[in-house]
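Asks: everything below, folded, please.
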Amino acid sequence: MGRTSMARATGWLSLFLACAFPAFAALKPLPFAPETAQKIGPVLDRLYYNPAALKNRPEGVLPPGVFVGSPLPAALPIRTEVLPGNVGFWRLRNFNLEKGKNWTALDTEIGTWYWTKKLPGLVLDLRNNNAAAKADFDVAARIASYFVPPQATGAVHPLFSLQSLRGPEQVFSAIAPDSFPITPLFPGTLVVLVNPQTGGAAATLATLLRREAGAILIGRTPSDSSALLESVALDTTPPSIVRVATAVATLPDGISLLGQPATPDISLYIDDKAEQEILAQIALGPAAKGLVEAPLRHHMNEASLVHEENPEIADYLTSPARATADEPLPLQDTALLRALDILKGLTLFPVAAQ
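Replies: Residues are numbered from 1 along each chain as shown. The predicted structure is shown next:
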């Protein structure tokens, strides 16, 4: 492509993103190290995004639809298990099945959780899932199909589309799995866990499940990057990557999801570093490892005054915070614990779930 044609393409792409999708233009600017500006410009040029947009913005502020961050973590295997309380758990840190696994087996497992084992609820863990390639959106549509209500026989149920200036609109529709005779596979109560590292196809999936399947979102607000993203590594210290939105996820009614992250129904205030440490420790093991409640704290009351006792001091002296290095604190996955609390409450009081 010649320089004149490229300049025309970059200009049209910027206009397309800002006008066709106002939410794109309204994205919260993301800060970046000023010394990386010279390395970001050529990447934007290569991806047909107007490099001048970088120069025309305040120092340290990226143009809309451009994200700079740490390299993506290594892909972790999809994990399914049944947690205490008879609750299904499905961890999706990416959209890649493990070697030796297949969708037919997964269809059957998720389907039997509700229709055979009678599990009333399922927790879908999308934390740290920021996969945003074309294949990831295909899988996101398939997973959404597990939970959306069925349409009329033979009817196509469009879920979302990817709109780009480079090619035709790509429409993603619900898919009825051939390996399980009943749809949806899991019509029970669905809870979705999200955090700021939930982006791309996973952020799109979270929004879809709340809209189409009545899912309850728990955690922290996901990334505003519901888009097809192209990633390029930057030669920086520490290593970083730039991700550029090349197509926008849009709902059938025309609402763009980029720049409009789904606010959790139950927001949790969790320290990001602490959550990442917990997720890293339980990444390859069962989710039940993180189901440890915080120890109960006692407070002063009339009975303790009568007995001349101070339970608050007693708690402090025996607190896990005073444990030695040989006695590590137990893992506590706060978001998952709250999800189980919600599902337990809805099981005990089913009217509240209607």
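
Asks: other SSEs contacting the strand of greatest length in the chain?
Replies: Scanning the chain for the strand with the most residues, using DSSP state E, yields strand 240-250. In terms of contacts (3 or more C-beta pairs under 8 Å, 6 or more residues apart in numbering; DSSP states H and E), strand 240-250 is packed against helix 37-46, strand 66-69, strand 158-163, strand 227-234. In this view, the C-beta of every residue, glycine as well, is placed from N, C-alpha and C.

Asks: tabulate the ones you listed in TSV, adding columns for distance to residue 145, mean pLDDT and mean neighbour count.
Replies: Output for the helices and strands packed on strand 240-250, formatted as TSV (distance: least, C-beta to C-beta, whole Å; pLDDT from 0 to 100; neighbours: other C-beta atoms under 10 Å):
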stretch	distance to residue 145	mean pLDDT	mean neighbour count
helix 37-46	35	68	16
strand 66-69	28	75	20
strand 158-163	8	92	21
strand 227-234	20	82	20
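
Asks: as a markdown table, these with distance to residue 171 would be great.
Replies: Shown next, in a markdown table, are the helices and strands packed on strand 240-250 (distance: least, C-beta to C-beta, whole Å):
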| stretch | distance to residue 171 |
| --- | --- |
| helix 37-46 | 28 |
| strand 66-69 | 25 |
| strand 158-163 | 5 |
| strand 227-234 | 14 |
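
Asks: which of these sits closest to residue 347?
Replies: Closest approach to residue 347 among the helices and strands packed on strand 240-250 (C-beta to C-beta): strand 158-163, 28.5 Å.

Asks: and the contacts of that closest one?
Replies: Outside strand 158-163, the residues that touch it by C-beta atoms under 8 Å, 6 or more residues apart in numbering are 20-21, 134, 137, 141, 144-145, 148, 169-174, 204, 208, 212, 227-228, 247-252, 257.

Asks: if we go to 6 Å?
Replies: Residues from elsewhere that reach strand 158-163 (C-beta atoms under 6 Å, 6 or more residues apart in numbering): 141, 144, 169-174, 208, 228, 247-252.

Asks: partner strands of that strand, parallel or antiparallel?
Replies: strand 170-173 (antiparallel), strand 240-250 (antiparallel) (DSSP bridges).

Asks: quick one: that strand to strand 227-234, angle?
Replies: 40 degrees (axes from the mean of the first three to the mean of the last three C-alpha atoms, to 10 degrees).

Asks: with just CA atoms, put strand 158-163 into CSV.
Replies: Listed in CSV are the C-alpha atoms of strand 158-163, where the atom choice follows Å, rounded to 0.1, in the frame of the first residue of the first chain:
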residue,chain,number,x,y,z
PRO,A,158,-27.5,-13.3,16.5
LEU,A,159,-25.5,-12.4,19.6
PHE,A,160,-23.1,-9.7,18.4
SER,A,161,-21.0,-8.6,15.5
LEU,A,162,-17.5,-7.3,14.8
GLN,A,163,-17.5,-4.2,12.6
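
Asks: for residue 180, which of the helices and strands packed on strand 240-250 is the nearest?
Replies: strand 158-163 (18.7 Å).

Asks: what helix or strand is residue 110 on?
Replies: If you go by DSSP states H and E, residue 110 is part of helix 103-115.

Asks: what are the buried residues along that helix?
Replies: 106-107, 110-111, 113-115 (16 or more other C-beta atoms under 10 Å).

Asks: what does it contact?
Replies: 80, 88, 119, 146, 177, 179-180, 182, 185-186, 188.

Asks: tell me the predicted confidence for residue 239.
Replies: On the pLDDT scale, residue 239 is placed at 80.

Asks: can you list phi and psi of it for me?
Replies: Residue 239 adopts backbone torsions of phi -60, psi 140, taken as degrees, to the nearest 10.

Asks: quick one: the nearest residue to it once chain neighbours are set aside from residue 237, how far?
Replies: Nearest residue to residue 239 in three dimensions, chain neighbours excluded: residue 71, at 5.4 Å (C-beta to C-beta, 6 or more residues apart in numbering). Per C-beta to C-beta, to the nearest Å, residue 71 is found 13 Å from residue 237.

Asks: which of those two has more residues huddled nearby?
Replies: Neighbours per residue (other C-beta atoms under 10 Å) separate residue 71 from residue 237, with residue 71 holding more: 12 against 8.

Asks: that's all I had, so thanks and see you.
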